[in-house]
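> I'll drop the sequence and a predicted model, then ask my questions.
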Amino acid sequence: MPSTPGTSRLLLAAAWIGTALVAYSIGSLHSPAPEPAPTSGSGAPGTTVGSDKPDSATHDGPGGERPLDGARGTAGRTQAEILGQQPLGDYLKRILTLEDDIKRTSAFLEVLETLHTPEQIREALEAVAKSGRGWGRGASSREFAMLLQKWTTLDARGAATYALQSSSREERFMAMSNVLRNWTRQDPTAALTWAQTHGTAAPAEGDSSRDSSDGNFAVAMVVAQLARTDVEQALRIAAGEGDSRAASRLGDNLTEELFRQRGAEAARDAILALPESRLREAMLGEYADRTAKTDPPGAARWAAALPEGPGRSRAFAEAIAGWAERDAAAAGNYLNGVPPSTGTDAARERFAREIAGKDPVGALSWAGTITGERERQDTTENVVRSWVRRDAENARAWVQQSNFSEETKQRLLTPASSRGRN
C-alpha cells in the first residue's frame, strides 16, 4: 500500500526512537506534511494526556482544539499555532507525559522544527529537565539529545558551555559527549581546540570524584568521533594525551576503526608503534580480543610473544578469555603449559572466571595458580561467591572442607551486604 504523509511522519518518529540515544544523531528535521487535523466539532474522539489509547490528546489553540500528539497536525505550522496560548515549557512538559512513544516523539519533532535560537532551546531543555526524566531516565533522554544536537548546529560553543555546566557528573558526561561528537562532525578543529581548553585534565579544586590520572575526557570524545573519518589524526591526538584513563578508554574505538579502515595487519602495526601507555595497553587488549574471535590459538601465541609489560599481560588475558569462550578445554591445556608468573596472572584470573559457571572447582584450582597474593585472593572470593549464588549447598560444603583458614572461610561465606556489621 502506498504510504500517506501521515504514515511517513509516524515512520520518522519510530526511526527516531531506535536511533537517537545510540548515535545522538538526527536526520532531516523536516518531514512530509501529515493530514490536516480535525477541529472541535469534527467528531474526532480525544483522550487525556498520558493515555495509551490510539486517539490523540488535545489542547486549546487557535482555531479550536488541536491534537497534542502532533501525529495528525499540519507540518509547517508556526510555533504559535502549535502551542496556542501555552508557554513552550508547559507544552513540552505535557507532551512528555504521553506514554505512546510515537505520539510523544512526533509531537516533539514538530516543536523542534520551530526552535531557531539558543534561548528557545535552553527553555526547552529546562522543561525536559523539569519533567523529572532527564539523562538516563527513560524516553526524555532522546529529547535531550535532539535538543542539544540542534543547539550545536546553531551555536556549538554555547551548547558545549551549557553541557559543561550540567549539574550531575552523569548528565555532564552524556551532554558533553552529545555536543562534542556533533561539533566534531561540523568543525573538528574548533571542537578539539575547545575541548583542549575547557575539558581540563586536572580536577577542579575540591572535586574528590576526579584525580589527575583521569585525563581530558572532552578531548577523548572529540577523538572518538574524529577516528571515524581520520583514524591517523585521532591516534596522534590520543597518544599525545599521555598515560590517562581518558586516553585508555579510546582503545576499543580506535582499534575498531583501525580494523575497519586499514585491516588487521596494519592495525597491529599501528598499535605496536605506539609508545608505552594505557592507550597502547588497551589497544593491545582489544586487538587480541578481536583476533581471538577468529583464531584463538593464534591470538594467544601472538600475545605471549609480546615484550613483558602491562600490554602483554592484558593482551594475553583477552586472548585466553576469548579462547575459553569458544573452547575452554583447549584454552586450559594451552595455559597449563605456560609457567605461572605475574605476566600470566591476569590470564589465569580471566580463565577462572570464564569457567566458574560450569566448573567452579576447576576455577578455584586455576585461581590458586595466580602468583599475586591479592589477585589470587580476590579471584578465589569472586568464584566462591558466584558459586554460592548458584548452588549454595555445594559451595558451602566445599569451603568448609577446604584448607582455608577459619577467617577466610567466614569471609568467603559471608554475604558482601553483611560484612562490616557489628
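Ah, there it is.

> can you map out the strands along the stretch 51-200 of the chain?
Using DSSP state E, counting those that start in this stretch, the strands assigned to the stretch 51-200 of the chain run over residues 58-61, 64-67.

> The closest residue to Glu325 other than its chain neighbours: which element?
Using CB to CB, 6 or more residues apart in numbering and skipping the chain neighbours, the partner closest in space to Glu325 is Glu354 (6.6 Å). Backbone N, C-alpha and C define where each C-beta goes, glycine included. Using DSSP states H and E, Glu354 falls within helix 345-355.

> average pLDDT across that helix?
Mean pLDDT, computed over helix 345-355, is 97.

> Also stretch 170-182?
91.

> Next, the buried residues of that stretch.
Buried residues in stretch 170-182, defined by neighbour count with 16 or more other CB atoms under 10 Å: 171-182.

> same thing with stretch 313-329?
313-324, 328.

> what do you get for stretch 354-361?
354-356, 360.

> residue contacts, Val231?
254, 257-258, 261-262 (CB atoms under 8 Å, 6 or more residues apart in numbering).

> 6 Å - rerun?
Residues in contact with Val231 (CB atoms under 6 Å, 6 or more residues apart in numbering) are 257-258, 261.

> what do you get for Glu257?
Here Glu257 is in contact with 227, 231 (criterion: CB under 6 Å, 6+ apart).

> ok so it is a strand residue?
No: with DSSP: H, G, I helix; E, B strand; the rest coil as the criterion, Glu257 is helix rather than part of a strand.

> Counting neighbours, what do you get for Lys293?
12 (other CB atoms under 10 Å).

> for Glu81, same thing?
Residues lying near Glu81 (other CB under 10 Å) number 15.

> so which of the buried residues of stretch 170-182 comes closest to Thr153?
Closest approach between these and Thr153, by CB to CB: Asn182, at 7.5 Å.

> Just list the residues touching the closest one, thanks.
Taking CB under 6 Å, 6+ apart, we find Asn182 in contact with 149, 152.

> Find the nearest non-adjacent residue to Ala239, please.
Per CB to CB, 6+ apart, closest to Ala239 is Leu274, 5.9 Å.

> from what I can see that neighbour touches Leu284, true?
No: using CB atoms under 6 Å, Leu274 is not in contact with Leu284; the gap is 8.9 Å.

> Compare the two (neighbour count), which wins?
Leu284 (28 against 17).

> Name the helix or strand for the more buried one, please.
helix 278-292.

> Just list what the next helix or strand after that helix packs against, helices and strands only.
Remark: after helix 278-292, the chain's next helix or strand is helix 296-304, criterion DSSP H and E. With contacts defined as 3 or more CB pairs under 6 Å, 6 or more residues apart in numbering; DSSP states H and E, the packing partners of helix 296-304 are helix 278-292, helix 310-326.

> The last one packs against which elements?
What it means is helix 310-326. helix 278-292, helix 296-304, helix 328-336, helix 345-355.

> now those helices in CSV, with distance to Leu148?
Output for the helices and strands packed on helix 310-326, formatted as CSV (distance: least, CB to CB, whole Å):
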stretch, distance to Leu148
helix 278-292, 28
helix 296-304, 40
helix 328-336, 45
helix 345-355, 38
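
> looking at it, the residue nearest to Glu325 is touching Ala324, isn't it?
Yes: at 4.1 Å, Glu354 counts as touching Ala324 under the criterion of CB under 6 Å.
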